[in-house]
Each structure stands twice: as structure tokens, then as C-alpha cells.
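**Student:** just coords:
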């Protein structure tokens, strides 16, 4: 029995190699799932609605090009009330926003030599008029956090507040984008590891330390 | 007038939020549960994140297990190295300061850690540390550039799959942490915090 999202998207079966690796850090495994549930079936959805959460998640995972999670959240968005009406628009914004990170500009000083400029994304005017300033501001902030986190600023946070997001909403949106940046890397890392196990002949079978101890 | 740190350092820094954290008088049972350790009510960072206590609780418990669980897997120093390389690549001066100190303390290789901070992700830290650092950096790229070559290098450096999983988890976790620390406030010199 497994209701764990990462198991589902990676088709991890009980007792498999990836299952053993994940269960070696069982508390982390459980809490990665709990964070997912807290973000998408929240205790309080009054500040950031389910539709807004899935729209942001579809955008963020789409920008990462992490296909299995992008599919999961795109489906969840389409299944949300009002989601079908904006799913195509979010896909359009994923295409418009896709680039390569991390980039950004450091505070003037020795690190200025490492400054790397890149696109400053904003939602297309036609799409903005459809989804409104509030969700558009959240997508623009999500793009900043995905690709150029070092460019984050007090002004960027203020833009969310000015668009109508409360302080708790800003915290939730920040956690949402940051968590998804984590989740796509866990899924991508584990799937890459699983693929090499399958193609590495004679790889020694590893035994979890917990089984030895 | 103190200035905001603009170089990577192993010195202790402060951090100040750009939005109002909760006040201790506002905390309900739900918030205390979310903070996990009551002492975290003294931290403006955790008190800001306490606006969404369920997410904070899960974040904190995952963090502790990924970094502090002593049961097998990657040595603590190298989990911290993965976190430091990730923070260096994303540009989180505050996160890098904390976790480079931990990497130095646990490895006794302070000079190598400092070279990662000074020279950046191209610093040569020897085969095993390069493999860990390069894996963390590849995981931090968007789109993620981590691939079979990274895993081959980690295995060649002697890491088993439990250790490789810890490299992945530590880097992934800092892709979470960096984005909170960078976007919700800014570092301060320690004596200004």
C-alpha cells in the first residue's frame, strides 16, 4: 500500500532498490509526502486557493521540464474547479518562460565577475488579462525563484503584496515554489540513479546500514 | 550603517526578514507544533515560515533526517558539502555560510571548503569531493543536468547507492532552502543581527 506521490510517479514498488534507498531515510520520506499534502490539501486554503496552487505547480514543474511531475500537476490543474479554462494558458506561459538557470546579478563586489544576465519574465498581456494581476504576479515570482533566485529582492516580494497577496499567502507561495524545486530534483535524481542500476552489470547489491546494525 | 555581505564566507552571518514574522504572543498550539523545537520561536526566519505551520513542520523534519540521521549513508561532512555547493551555485551567501562551517567542522578540511567559496563551483577539491560537488551543482541547474556521468563519478569515488541518495537529497533540500532564504529576507553581518 502506498499513497506516496514520489513512489507513484516513479513506479517504485515495495522492496525494490529505490524503495530500500528511500526507506533508509524514512522520516524524510514521510515528511516529503506530508509537505506535499500540506501544500496541496491545506489546512487553510483561504489565502491561496487550490486552483492557484495547482496553476503555480504546473508552471514550476513545466519550467523545470521534469516530465512526470509536470504531467502530474497539469492533470491536477485540469481536474481543479476552473482549471481547464487556464491549463492551456499555463502551458503557453511555460513555453514562453523556459530558459536555463541559475542566473542573476550579485550585490556589487568581488562576485560581480560571476554575474550572469538572462531573461526577465513577465506574463503575456493577453494571458494576464485572463488570469488577472494576482495570479500573474505569483507566476512572475515563481519564475524568479526557479531561474534566478539570487535576484530575489524586497521589491520582488513587495510586488506580490501589491498584487493582493497577504503575508501568509506570500509564505505559502514561497514554500510551494521552493518545495517543487526540491521535489523535481529528488524525482530526477532517483530516476537517474535507478536507470544506471538497471544498466550497470555486476553492481554489488548494497545492504542498508539499518539491516546491518 | 552596516553593509549587506557581498562575498561567500564561513563567518557567522545574521539574517533579517522582509515580511513580518509572527510574534510569540500570536502562536497557537498549531504554530508551536509547526516550529518542532520551541527554541525556534527565537528565530525570525522560522517565525516567518510559521505563517504556514504544517509546511514548516514537514520541512523541518525532512531537513533533520536528511542532514542529521547518523544511520549509515554519506558522512555528515559530505552532506554539508553537497548543501554548500548547491548554495554556492544558486548564490545563497547566508546558506553557504552556515553549511560551509558545518562542512569544515565535520571534515577538518577548512581550506578546501574555503576554496569552494572563493573560487566557486570549478574549484578542484580532489576526486571524491569533486564528484559530490559536481553532482550537487548538476542537480541545481535548471533544467537539471544531473545524469549517468555524475553517478559514474560518484561510484568511481567509492560511494554506494545509499550515499549517492544522500548527495541527491542534500542538494535537492538546499534547492528548497536557498529559495526561502534568498527570497524572504537578506543576510546581515553577524554583529548587526
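**Tutor:** Nice, I can see it. Small disclaimer: the values here were computed from a predicted structure and weren't measured.

**Student:** Contact partners for residue 119?
**Tutor:** Picked chain A for this. Taking C-beta atoms under 8 Å, 6 or more residues apart in numbering or on different chains, we find residue A:119 in contact with residue A:99. Using the backbone N, CA and C atoms, a C-beta is placed for each residue, glycine as well.

**Student:** think we crossed wires, I meant chain B
**Tutor:** Residues in contact with residue B:119 (C-beta under 8 Å, 6+ apart): none are found.

**Student:** which stretch of helix or strand covers residue B:14?
**Tutor:** Taking DSSP states H and E as the criterion, residue B:14 maps to strand B:13-17.

**Student:** What is that strand packed up against?
**Tutor:** On a contact count with 3 or more C-beta pairs under 8 Å, 6 or more residues apart in numbering or on different chains; DSSP states H and E, strand B:13-17 meets helix B:44-49, helix B:93-107, strand B:185-189.

**Student:** among the ones you listed, which is nearest chain A?
**Tutor:** helix B:44-49 (6.2 Å; C-beta to the nearest C-beta).

**Student:** next SSE after the closest one?
**Tutor:** Next in sequence after helix B:44-49, counting helices and strands by DSSP H and E, comes helix B:53-68.

**Student:** now for the helix or strand following that following helix, which elements pack on it?
**Tutor:** Per DSSP H and E, helix B:53-68 leads on to helix B:76-90 as the next helix or strand towards the C-terminus. When contacts are defined as 3+ C-beta pairs under 8 Å, 6+ apart, helix B:76-90 sits against helix B:53-68, helix B:93-107, helix B:110-119, helix B:127-140, helix B:161-184.

**Student:** Report the buried residues of the third one.
**Tutor:** Yep, that's helix B:110-119 we're talking about. The neighbour-count check on helix B:110-119 (16 or more other C-beta atoms under 10 Å in any protein chain shown) flags B:112, B:113, B:114, B:116, B:117 as buried.

**Student:** could I get these as a markdown table with distance to chain A?
**Tutor:** What follows is the buried residues of helix B:110-119, written out as a markdown table (distance: C-beta to the nearest C-beta, whole Å):
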| residue | distance to chain A |
| --- | --- |
| B:112 | 20 |
| B:113 | 17 |
| B:114 | 14 |
| B:116 | 14 |
| B:117 | 11 |
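
**Student:** Quick check: mean pLDDT of stretch B:128-144?
**Tutor:** For stretch B:128-144, mean pLDDT rounds to 98.

**Student:** Might you calculate how far it sits from the centre of the chain?
**Tutor:** In this view, stretch B:128-144 has its centroid 14 Å away from the chain centroid, taken as C-alpha atoms, centre = their mean, to the nearest Å.

**Student:** and it, does that touch chain A?
**Tutor:** Yes. Contact of stretch B:128-144 with chain A (C-beta under 8 Å from any C-beta of the partner chain) involves B:139, B:140, B:141, B:142, B:143, B:144.

**Student:** Centre of chain B to the edge, which residue is at the far end?
**Tutor:** residue B:25 (29.7 Å; C-alpha atoms, centre = their mean).
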